[in-house]
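S.K.: Next come a sequence and a model predicted from it.
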Amino acid sequence: MEILESGIGEMIQPPDIEGFREWNRTQKTRKLVDKRMNEQEAISAFVYDGCYIGTELYGTVRCPMSLSRELVRQGKKDLRVCGQGVLELDLWMAAGLVKKLDITYIGLEVYGTSNALRRAVESGQITTCVEWSNASISWRMKATAMGVPFLPARSMLGTDMIKYSSAKVVEDPFSGLKVCLLPALILDVAIIHVHRSDRHGNAQIEGITGFAAEMARAAKRLIISTEEIVPTDDIRKYPDRTIIPYYLVDAVVHAPFGSHPGEMAYMYGRDEPVIREWVESSKTAEGAKAYLDKYIYGVAGHQEYMKLIDEPRLSQLVDEREKRV
Amino acid sequence: MEILESGIGEMIQPPDIEGFREWNRTQKTRKLVDKRMNEQEAISAFVYDGCYIGTELYGTVRCPMSLSRELVRQGKKDLRVCGQGVLELDLWMAAGLVKKLDITYIGLEVYGTSNALRRAVESGQITTCVEWSNASISWRMKATAMGVPFLPARSMLGTDMIKYSSAKVVEDPFSGLKVCLLPALILDVAIIHVHRSDRHGNAQIEGITGFAAEMARAAKRLIISTEEIVPTDDIRKYPDRTIIPYYLVDAVVHAPFGSHPGEMAYMYGRDEPVIREWVESSKTAEGAKAYLDKYIYGVAGHQEYMKLIDEPRLSQLVDEREKRV
Amino acid sequence: MTDQNYSKTELMICVAARLFEDGTTAFIGTGIPMLAAMLATKTIAPNLVPVFEFGGLGAILEELPRAVGEARTFHKGLVAAGICELMETAQRGFIDYGFLGGAQIDPYGNLNSITIGEHDHPKARLPGSGGGNDVGSQCWRTVAIMQHDKRRFVPKVDFLTTPGYLSGEGARENAGLPRGTRPINVVSTLALMDYDDGPGGSYRMRLLATHPGVTVQEVIENTGFELIIPKNVPVNDPPSVEELRMLREEIDPDRYYI
Amino acid sequence: MTDQNYSKTELMICVAARLFEDGTTAFIGTGIPMLAAMLATKTIAPNLVPVFEFGGLGAILEELPRAVGEARTFHKGLVAAGICELMETAQRGFIDYGFLGGAQIDPYGNLNSITIGEHDHPKARLPGSGGGNDVGSQCWRTVAIMQHDKRRFVPKVDFLTTPGYLSGEGARENAGLPRGTRPINVVSTLALMDYDDGPGGSYRMRLLATHPGVTVQEVIENTGFELIIPKNVPVNDPPSVEELRMLREEIDPDRYYI
């Protein structure tokens, strides 16, 4: 099974599976302890300058926006990020906090390319972009989640993606197929927003799960924010709904409307005007700064942020939610 | 990434991922067609002599027993089986239908070793046993489910398991770790029992899922039996509960108490006397044959089987079910 | 009967919608592909099974999704799972079509959505592959939908992000990409293209039909490489009044795209 | 106060139960390990997190499971998932202990549950590895629970199914097994054993304590290999009246095992 090709992209985070096992043995309690804290406490406790961090799902959909804004508020910098992101990473880049990217897609979807990304990369503020496809980055986290140093895949092959990634191409010893080997991705910190969790971190998600299951299992520290905190008995009644078990979780942040201006399936819709405000503001560095001043630096935390958005508007978003029909 | 060790066990089913892709392209409809049929029709349509077949979960737990009994009734023979099994494979072996095994565990759990397995293997009726751990065989199906020719694992290493399997040991090109490579397992036929499904095969399972998700995605033909047939609108209301999507499914068999004498979580408990009857009967070949005569050859199908067990007893098993409390 | 008053984008969407095949599975990317898919389900492909990479399959598309993860992508859906589940479903051979966009395309249908200029010091940083590379690698057939001009139709893409025919016949298989997968069409603001991929073919892009009011010469002048031009080049049907009505009133009433 | 009237199995279960550590995760195999785990949760390990390979984690063990997939293994549980999820959780380093049985064990704690005699023409075909090999490979510490006689405690197992120390110091790591994982104890019908695995140790099985009423000589005579015998061999506490009451009245009232 010789190596036919090796990407020249930087291995931003080494796939040290043995180290990850040892971390999980020594740093993650198996006890059911109360992990509730607020955004300010969780970000300052577990996010640090230069850490490798990821968010899930992304800015307009079930994204830990209250945590993402608090990270900006605390100015955690030199971040190395695995980047599938829409609004949340835009905010970090606009605040000048991102140094390196394992990038898959950072854009504004219906509204096109991200000017925050363009400015950060084209100015050289972001020093490194290692390229991956959406499936590849998810499979890299899945490798870590499975506890193996790599996973084979049939994406990336034949393109410049391989060259600018840190993947390898080998011949499968069973079938002789050429396959891409994706190195396990171990995150220092992951932040994920869920529908409900108990105080220990046993969490449930409704609707699509994106890559929450994989990312939660691929991180050394996991902060979850949740729309609702429920008694553990509710979890025990439906153990088959637990997508993130407590032992993966380091902090549980109660954050109603934590995904705003993004949506939360079956709970509230996305806030188009606020999303469009970012799209317009972020066309210039000055506009982006004004948005950050208004929605992040200008408010002490998520409580004040919700006051800024205002209750009637939030109720309207609840009315506009996707319904189970 | 040189090969450090190769198992001498027979590759009972080759990991032809390209062939599997082509099969899925040409043999599996994307249309929502009505796939309902009874046990007799499903087994005769899709199970054939010499096919490679698997069952999920296993005899005493959410197992397609009505389909397993029908297979015996139709005498499908020379079966190549991936064997995690408790009662269902005992019946097949006692009926002399099994020729080769990718074996993980075949026993009677609390009641000890399987005499049906002992007789079939020690007599040479089963010609080949290739050894796997429970996780390894599940990961082999997961490889197929992922569409890749192999998955790495850290089980099997250093033991005789590698030698008597068809796995290989290689050095991971990223971390230098020695890892076991498990070849993708592609089943000709899989039979799985679920809690509910629509007529197209969109299926939901409650409680543990065993290896249902992996096996359903690793089979060229999939027969599911279900306790309940529900309207597709019920599926569309909870798309996040679909564990087996319709396009994987070839036949949907309505089989209330289809797991009897095994249990069905939240629906009915296991029927201990009938299980013990097999434990006792199967101690001798004659006893095993008597059991087959009584519960399989002696009844035309699942309807008659349920009459044999009798309604009051079935209601009692419903009372004894695990409850969501 | 047709309405002469329509935009190039509306025309492109209508032509793309006609490429959907009923009763098939198709990965739908953000933007124009979503409008085309919705129009297809209202016209020639009522049994289309839309697949959105972050987990939605089999949704009933009642409102235009603005994101591939939005709840509208699994509204009354058959599956709401995750990205691995659906990408692995594609890798297993279950996804028939992929409808994609890109910033650049070359004669072999290779797409670029990563950088304009040199990767490490780009003139323009684009969003990245997203699911594009996966869709172009794993789906059986892929269709690209593009604005048509010399900056986008280039001899060589600056960064080969999503595989088309790569360098020609057999190149995909030699690279290890799933056997039999291939690009089949390009729908642009000017025309419909396919590939010269028959026996002994060059595997390069070929003009299949021009849009109403567009000359073959215009297409050639707006293409940055030599396009194969057959003797007879038919003209695509213009959008019907009904297609335009559905687009404007039902599919994109808020005018995100049209 | 103790009750002199107890079986060897009851004693073995009580000694095994005392090896559980509170607030840890432990894979529980079918049979004796289940009874020991239930007794442990009622005594020294109320916060034990039981893990059953087919998907149950964190169950409240109110009734004895007769199968590793039975609903009792996820009764009021925290997780009801599948085998891959929990085996991968172990492979990721989250499962502290594994409690296992086997048909044969050798001086290095390697277990056999596949065949007696030659694999391809066995004298006796046993059930197979099941999850045994995985638990012995992936968990940080494993405990074997065995009947104690010369046929079971053998110099070399007929088929090395579940890894103990393999051939001695460093052998697990050299084979690629997760670093730091190891067998720690054997509980038998006669005694409690550990391994001579300190610096410069032989990594062979060592007598740690005999059961009440069992002499060191008896243990030696019933062991098919040379067991390391320390100068001082303490005697395990017998089952307490309360332990026996719980075993007989609460844990296994139907007498599946005792």
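M.R.: Thanks, I have it. Numbers count the residues shown, from 1 in each chain, chains lettered A, B, ... in the order given.
S.K.: Does stretch A:309-325 reach chain C?
M.R.: Yes: under the criterion of CB under 8 Å from any CB of the partner chain, chain C is reached by stretch A:309-325 at A:321-322, A:325. Backbone N, C-alpha and C define where each C-beta goes, glycine included.
S.K.: List the buried residues for that stretch?
M.R.: Neighbour-count burial for stretch A:309-325, counted by 16 or more other CB atoms under 10 Å in any protein chain shown, picks out A:309, A:317, A:321-322.
S.K.: Among those residues, which ones are in strands?
M.R.: Among the buried residues of stretch A:309-325, no member falls in strands (DSSP state E).
S.K.: can you list those residues in JSON lines and add pLDDT?
M.R.: What follows is these, written out as JSON lines (pLDDT from 0 to 100):
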{"residue": "A:Ile309", "pLDDT": "98"}
{"residue": "A:Leu317", "pLDDT": "98"}
{"residue": "A:Arg321", "pLDDT": "96"}
{"residue": "A:Glu322", "pLDDT": "93"}
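S.K.: about what we covered before: quick one: which of the residues of stretch A:309-325 next to chain C is nearest to D:Gly128?
M.R.: Of all the residues of stretch A:309-325 next to chain C, A:Glu322 has the smallest distance to D:Gly128: 47.0 Å, by CB to CB.
S.K.: In contact with the closest residue to that closest one other than its chain neighbours, which residues?
M.R.: Distances taken as CB to CB, 6 or more residues apart in numbering or on different chains put C:Ala71 closest to A:Glu322, at 3.3 Å, once the chain neighbours are dropped. Residues in contact with C:Ala71 (CB atoms under 8 Å, 6 or more residues apart in numbering or on different chains) are A:207, A:263, A:265-266, A:269, A:321-322.
S.K.: C:Ala71 and chain B: what is the separation?
M.R.: With distances taken as CB to the nearest CB, to the nearest Å, C:Ala71 is found 10 Å from chain B.
S.K.: Now the phi/psi pair for that residue, please.
M.R.: Listed backbone geometry of C:Ala71 is phi -60, psi -30, with angles given as degrees, to the nearest 10.
S.K.: quick one: contacts for C:Leu190?
M.R.: With contacts defined as CB under 8 Å, 6+ apart, the neighbours of C:Leu190 are C:8, C:148, C:210-211, C:214, C:218-219, C:222.
S.K.: again with A:Ile235
M.R.: A:198, A:202, A:204, A:241-242, D:78.
S.K.: Quick check, pLDDT for the spatially most central residue of chain C.
M.R.: When chain C is reduced to its mean C-alpha position, the nearest residue by CA atoms, centre = their mean turns out to be C:Ala144, at 2.9 Å. Per-residue confidence for C:Ala144 comes out at a pLDDT of 98.
S.K.: contacting residues for it?
M.R.: Applying CB under 8 Å, 6+ apart to C:Ala144 gives the contacts C:100-102, C:105, C:109, C:111, C:164, C:183, C:185-187.
S.K.: Dump those to CSV, plus distance to chain D.
M.R.: Rendered in CSV, the data for the contacts of C:Ala144 read as follows (distance: CB to the nearest CB, whole Å):
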residue, distance to chain D
C:Leu100, 32
C:Gly101, 35
C:Gly102, 36
C:Ile105, 40
C:Gly109, 37
C:Leu111, 34
C:Gly164, 35
C:Pro183, 35
C:Asn185, 39
C:Val186, 41
C:Val187, 41
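S.K.: In strands, which of these appear?
M.R.: Short answer: the contacts of C:Ala144 in strands (DSSP E) are C:100, C:105, C:111, C:183, C:185-187.
S.K.: Run a quick neighbour tally on residue 167.
M.R.: I went with chain A, as the question did not name one. Using other CB atoms under 10 Å in any protein chain shown, the number of residues around A:Ala167 comes to 28.
S.K.: wait, I meant chain C there
M.R.: Neighbour count of C:Ser167, defined by other CB under 10 Å: 16.
S.K.: got it, and the one 4 residues further on?
M.R.: Counted with other CB under 10 Å, the burial measure for C:Ala171 works out to 17 neighbours.
S.K.: what sits against the closest residue to it other than its chain neighbours?
M.R.: Spatial nearest neighbour of C:Ala171, chain neighbours left out: C:Tyr165 (6.3 Å); criterion: CB to CB, 6+ apart. Applying CB under 8 Å, 6+ apart to C:Tyr165 gives the contacts C:108-110, C:171-172, C:182-183, C:195, C:197, C:203.
S.K.: Check the residues you listed against B:Arg73 and report the nearest one.
M.R.: So of the contacts of C:Tyr165, ranked by how close each gets to B:Arg73 (CB to CB), first place is C:Arg182, at 46.2 Å.
S.K.: Closest to D:Ile251 out of the contacts of C:Ala144?
M.R.: Nearest to D:Ile251 among the contacts of C:Ala144: C:Leu100, at 60.2 Å, using CB to CB.
S.K.: Counting neighbours, which of the contacts of C:Ala71 comes out on top?
M.R.: If you count neighbours using other CB under 10 Å, the busiest of the contacts of C:Ala71 is A:Gly207, which has 30 neighbours.
S.K.: Pretty sure that one sits against C:Ala81.
M.R.: No: in this structure, A:Gly207 sits apart from C:Ala81 without contact. The criterion is CB atoms under 8 Å, and the distance is 9.8 Å.
S.K.: Overlap of the contact sets of the two?
M.R.: Applying CB under 8 Å, 6+ apart, one finds that A:Gly207 and C:Ala81 are jointly contacted by B:240, C:55.
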